[in-house]
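K.L.:
below are the sequence and a predicted model; questions follow.
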Amino acid sequence: ETGVTQTPRHLVMGMTNKKSLKCEQHLGHNAMYWYKQSAKKPLELMFVYSLEERVENNSVPSRFSPECPNSSHLFLHLHTLQPEDSALYLCASSQDFEQPNSPLHFGNGTRLTVT
Amino acid sequence: DAKTTQPNSMESNEEEPVHLPCNHSTISGTDYIHWYRQLPSQGPEYVIHGLTSNVNNRMASLAIAEDRKSSTLILHRATLRDAAVYYCILRAHPSGNTGKLIFGQGTTLQVKP
């Protein structure tokens, strides 16, 4: 148990489907993050939330829609995705998003396949 | 954030020490040096971080060069479970940094029995 739980672990969806990824952190942290890890590529930061407010959106297409209803939960809503969106989607949390000595804690990710 | 350079891969024998190098010649005076590792089929895992002094924790040690242009992650006794991709990352100060952990390709560590 990492303290950051992501569901589902695997997801296969068609390009016209709508699905959501869920992340929950049990660490009492104030910041939550979505990262994307494509095959053979480094992790890419997608979104950052601090105290339920979005503070970073790294030019992510609108077919990805994040939601942070409280500091413990983070969702990534998906619709009309493309096959190139297939990747491992990782959620992370940290105590304070502004402090560079505040480690991030990652979940084990959702492996998404878009067909 | 400043850039880091790591070897693509390294090999080690089980129960021997491993020294994973990282060069960061453009580091600024207030950048923290972070190390994460990613085991197969898992998310990255925080290992250790430091600013100027060497650091030790239950997982590893971090040795930072006096000029801070390089650092070394030390695993004192490698086990098969230490086989992973190890990332060396710099995080900037002052505040305003938004957790932009900029991941490179990292070093893939293989541990042989």
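P.N.:
Okay, I see it. This one's a predicted model, so the numbers in the text were calculated from it and none came from an experiment. Numbers count the residues shown, from 1 in each chain, chains lettered A, B, ... in the order given.
K.L.:
tell me which parts of chain A are close to chain B?
P.N.:
A:2, A:4, A:31, A:33, A:42-43, A:45, A:48, A:50, A:55-56, A:90, A:92, A:94, A:97-109 (Cβ under 8 Å from any Cβ of the partner chain). (Each C-beta comes from the backbone N, C-alpha and C, glycine too.)
K.L.:
out of the residues you listed, which are buried?
P.N.:
A:4, A:31, A:33, A:43, A:45, A:48, A:50, A:56, A:90, A:92, A:94, A:97-100, A:102-109 (16 or more other Cβ atoms under 10 Å in any protein chain shown).
K.L.:
and residue 15, what element?
P.N.:
Looking at chain A here, since you left the chain open. For residue A:15, there is no enclosing helix or strand under DSSP states H and E.
K.L.:
dihedrals phi and psi, it?
P.N.:
Dihedral angles of residue A:15 (phi, psi; degrees, to the nearest 10) stand at phi -70, psi -20.
K.L.:
what number of residues lie near it?
P.N.:
A total of 13 residues lie near residue A:15 under the criterion other Cβ atoms under 10 Å in any protein chain shown.
K.L.:
repeat that for residue A:110.
P.N.:
Residues near residue A:110, counting by other Cβ under 10 Å: 22.
K.L.:
quick one, what contacts it?
P.N.:
A:6, A:7, A:8, A:9, A:10, A:11, A:21, A:88, A:89 (Cβ atoms under 8 Å, 6 or more residues apart in numbering or on different chains).
K.L.:
next: residue A:62.
P.N.:
Per Cβ under 8 Å, 6+ apart, neighbours of residue A:62: none.
K.L.:
what's the separation between it and chain B?
P.N.:
21 Å (Cβ to the nearest Cβ, to the nearest Å).
K.L.:
and that residue, which of the three is it?
P.N.:
Classification of residue A:62 by DSSP: H, G, I helix; E, B strand; the rest coil places it in coil.
K.L.:
next: residue A:12.
P.N.:
Under three-state DSSP, residue A:12 comes out as strand.
K.L.:
please name the bridge partners of the spatially closest residue to residue A:73 that is not a sequence neighbour.
P.N.:
Excluding its sequence neighbours, the residue lying closest to residue A:73 (Cβ to Cβ, 6 or more residues apart in numbering or on different chains) is residue A:24, at 5.5 Å. Beta-bridge pairing for residue A:24 (DSSP bridges): residue A:5, residue A:73.
K.L.:
how far away is residue A:24 from residue A:111?
P.N.:
For residue A:24, the distance to residue A:111 (Cβ to Cβ, to the nearest Å) stands at 18 Å.
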